[in-house]
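**Q** quick check, what structure comes out for this input:
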Amino acid sequence: MAPLVITAVIPARNEADILPSCLPSLLTQEYDGLFRLVLVDDDSTDDTAKTAAAIGAEAGWQTTLHPAERGPTADRELVIVRALPTPAGWAGKVWAMSAGVEAVGDDTHYILFTDADIAYQPGTLAELASGTAGEEYAIVSQMALLRASNRWEKLLIPAFVYFFDQLYPFSRISQRRSRTAAAAGGCMLVRAESLDAAGGLDAIRSARIDDVALGKLLKRAGGRCWLGLTTNVLSMRPYDKLADIWDIVARSAYTQLRYSLATTVGVVLGLAWLYLLPPAAAIAGVAWLAAGSSSGTAAWLAAVGLVGWLVMSVTYLPMLRLYRLSPARAPSLPLIAALYAAMTADSARRHYRGRGGEWKGRLIPPRQGGE
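**A** Sure thing, here's the model as predicted:
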């Protein structure tokens, strides 16, 4: 079988600072087939395009800045295109992705949608291509290992992935009969013909959460999907403050809940019930016993609460191991859940104040469909 042609598409908006930490890792991937790259300058106000061009030239790639009519046609060719202004009805990132797809050559078998802040370990591209071709998946997506270096990242980032897996169980995504579908936008290898057959990115043009929408689109069209965890795809985006992580959740949670206030209230109450009630019961029961009570109710309350707290902590341990963090952090899950519940509530508040979906200075209007 002839080697597969892969074209990576990177939407980049004001990413000049982070590109030197990430783009070289993609340009130096070893792959037996043809590998090309389209970077879309998404209305940047910094030197994103010039920085990408300089990195490409330094890596020995044939680099073209802002071509008028064509995308890459040769192996190891980097083409940098400037997206036109986002038209009405389109989310900015999806429009930039679409501009990248337009520049992809007709001979491309797979499109690797990735982000400007993503770095790849050596051999990752070949492994992705091998797994996708062997199983004939429409999309293979890997959840990038997010940065967990400072105290807020260590506290909240592993739980971000943990709660995502609660919403979209990875094991169900790959099951044909399951309606569960999702993807992780940092790394999505998509079969080009499957994307065309599903209607292309135009079918999800208004999607704020483009990765989940793309996974759903391809699965509804009959394509097989796969999403998994990895340590070979790394997000280099720093989240130095609580506000940085807060914004990630608050700008998209209400969209994820389909703009339903009732569902949002239900999710917040559900988080409280599952993650706050057990420790509250345990603490109340222990305090009752410490006060000298001999009531069986106090002992029962303490025991049930402690068991519930223990069970949730155990389910969190695999995620802590993935991020190489101490298992002693597991009992903090109730506190983390309380913070995520507050972020979810704030997402609804922002929506009704007209600030939902704001990202890098661009306000994305609520979708009209396609999410």
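**Q** any buried residues in stretch 286-296, and which?
**A** 286, 288 (16 or more other C-beta atoms under 10 Å). Where C-beta positions appear, they are placed from N, C-alpha and C, glycine not excepted.
**Q** other residues contacting it?
**A** 298-299, 301-302 (C-beta atoms under 8 Å, 6 or more residues apart in numbering).
**Q** domains for this structure, by residue range?
**A** 5-240, 261-355 (automatic domain parsing).
**Q** weed out the non-buried ones from the contacts of stretch 286-296.
**A** Neighbour counting by 16+ other C-beta under 10 Å classes 298, 301-302 among the contacts of stretch 286-296 as buried.
**Q** circling back: export the contacts of stretch 286-296 to TSV and tack on secondary structure?
**A** Listed next are the contacts of stretch 286-296 as TSV, based on DSSP: H, G, I helix; E, B strand; the rest coil:
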residue	secondary structure
298	helix
299	helix
301	helix
302	helix
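**Q** pick the one among those closest to residue 200.
**A** Comparing these against residue 200 with C-beta to C-beta places residue 301 closest, at 56.1 Å.
**Q** ok, the closest residue to that closest one other than its chain neighbours - contacts?
**A** Spatial nearest neighbour of residue 301, excluding adjacent residues (C-beta to C-beta, 6 or more residues apart in numbering): residue 285 at 3.4 Å. By C-beta under 8 Å, 6+ apart, residue 285 lies in contact with 298-306.
**Q** nearest to residue 253, of the domains of the chain?
**A** domain 261-355 (3.7 Å).
**Q** ends of that closest one, what's the gap?
**A** For domain 261-355, the first-to-last residue distance is 16 Å (C-alpha to C-alpha, to the nearest Å).
**Q** mind checking how far the nearest residue to residue 71 once chain neighbours are set aside is from residue 79?
**A** Take residue 71 and drop its neighbours on the chain: the residue closest to it by C-beta to C-beta, 6+ apart is residue 103, 3.1 Å away. Distance of residue 103 to residue 79, computed by C-beta to C-beta, to the nearest Å: 6 Å.
**Q** what do those two both touch?
**A** Common neighbours of residue 103 and residue 79 (C-beta under 8 Å, 6+ apart) are 38, 67, 70-72.
**Q** what about the strands in the stretch 251-371 of the chain?
**A** 358-359, 362-363 (DSSP state E, counting those that start in this stretch).
**Q** remind me which residues of the protein are low pLDDT?
**A** For the chain, the stretches with pLDDT under 70 are 1-2, 68-70, 133-134, 294, 356-371.
**Q** point to the residue nearest the middle of it.
**A** With distances taken as C-alpha atoms, centre = their mean, residue 184 lies nearest the centre of the chain, 3.8 Å away.
**Q** I'd guessed that residue sits against residue 139; true?
**A** No - using C-beta atoms under 8 Å, residue 184 is not in contact with residue 139; the gap is 10.4 Å.
**Q** now the strands for the stretch 1-150 of the chain?
**A** 5-12, 34-41, 62-65, 77-82, 110-114, 118-120, 139-145.
**Q** out of those, which comes closest to residue 244?
**A** Nearest of the strands of the stretch 1-150 of the chain (C-beta to C-beta): strand 139-145, 16.3 Å.
**Q** and the next helix or strand past the closest one?
**A** Counting by DSSP states H and E, the next helix or strand C-terminal to strand 139-145 is helix 151-167.
**Q** packing partners of whichever helix or strand comes after that next one?
**A** Of the helices and strands lying after helix 151-167 in sequence (DSSP H and E), the nearest is helix 170-173. Judged by 3 or more C-beta pairs under 8 Å, 6 or more residues apart in numbering; DSSP states H and E, helix 170-173 is in contact with strand 225-235.
**Q** tell me which residues in the strand it packs on are buried?
**A** 225-227, 229-230, 232-235.
**Q** list just the nearest of these to residue 323.
**A** Nearest to residue 323, judged by C-beta to C-beta, of the buried residues of strand 225-235 is residue 229 at 10.2 Å.
**Q** show the contacting residues for the closest one.
**A** By C-beta under 8 Å, 6+ apart, the neighbours of residue 229 are 142-143, 145, 161, 170, 322.
**Q** so which of these wins on neighbours?
**A** Neighbour count (other C-beta atoms under 10 Å) singles out residue 142 as the most crowded of the contacts of residue 229, with 26 neighbours.
**Q** residue 212 is in what secondary structure piece?
**A** helix 210-220.
**Q** between that helix and strand 5-12, how many degrees?
**A** 140 degrees (axes from the mean of the first three to the mean of the last three C-alpha atoms, to 10 degrees).
**Q** which of residue 103 and residue 79 has more neighbours?
**A** Neighbours per residue, other C-beta under 10 Å: of residue 103 and residue 79, the larger number sits with residue 79, 27 against 21.
**Q** on the strand side of things, show who that one bridges to.
**A** With DSSP bridges as the criterion, residue 79 is bridged to residue 38, residue 64.
**Q** among the buried residues of strand 225-235, which two are most distant?
**A** 225 and 234 (22.4 Å).
**Q** thank you, goodbye.
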